[in-house]
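Engineer: Take a look and give me a structure for this.
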Amino acid sequence: MDTRFYRLSKSSSAIGTARLANLIVSRGQSVAILSRDDAHSEMISNAIWSVAEFLPHSVGEVDGLSKVNISTNDPKGDILLVIDDAKIPEDTGFERVCLVFHAADSDIVNARREDWKSFSNKGIEISYWAENETGAWEKKAEANTEPKT
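Structural biologist: Model prediction:
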């Protein structure tokens, strides 16, 4: 499983997630977004409408028609976006998992640092991306390690 960490600094987590979802869909893949609660899901839904001219998506129930599905449990899609402090599922079955978080929240940043160490120790392919001044993503680090015993 390919795991990517996306650190936001300019955009809110909702706007950054919406931009990332739009990018993934433009490449022909579907997106599952895992949020912490219903209010957070609605914020992300509203952000999607603000950054994409038309990006069909569903909130809560997976409708089978949308390329973007936002939920608090059991999302469906090709790529999973785990937002802020939403719990990372143990066994995702997704080809890629992206952990999206804002640099201003030190608790979430510290939790994601621990996730990086844990994934690295398990030999999971990981990369770290940061939002630059223009809002584009820049790869800052990667690790393709063997499991540490």
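Engineer: Identify all contacting residues around the helix or strand in which residue 33 is found.
Structural biologist: Assessed by DSSP states H and E, residue 33 sits inside strand 31-34. For strand 31-34, contacts defined as C-beta atoms under 8 Å, 6 or more residues apart in numbering pick out 17, 21, 24-25, 41, 44, 67-73, 75-83, 86-87, 89, 94. All C-beta spots, glycine's among them, are computed from the backbone N, C-alpha and C.
Engineer: could you redo the last one with a cut-off of 6 Å?
Structural biologist: 21, 24, 68-70, 75-77, 79-82, 86 (C-beta atoms under 6 Å, 6 or more residues apart in numbering).
Engineer: so how far is that strand off the chain centroid?
Structural biologist: Chain-centre distance of strand 31-34: 7 Å, with C-alpha atoms, centre = their mean, to the nearest Å.
Engineer: Give the next helix or strand downstream of that strand.
Structural biologist: helix 38-51.
Engineer: Other residues contacting the strand or helix carrying residue 126?
Structural biologist: Element membership of residue 126, judged by DSSP H and E, is strand 125-131. Contacts to strand 125-131, defined as C-beta under 6 Å, 6+ apart, come from residues 2-10, 119, 137-144.
Engineer: Let me see the ranges of the strands in this protein.
Structural biologist: Secondary structure of the chain (DSSP state E): strands at 2-8, 31-34, 57-59, 68-71, 79-83, 96-102, 125-131, 137-143.
Engineer: Could you check the pLDDT of the residue lying closest to residue 52 once chain neighbours are set aside?
Structural biologist: Nearest non-adjacent residue to residue 52, counting by C-beta to C-beta, 6 or more residues apart in numbering: residue 22, 4.5 Å away. Here the pLDDT value assigned to residue 22 is 87.
Engineer: If anything else comes up later, I'll come back, but that's it for now.
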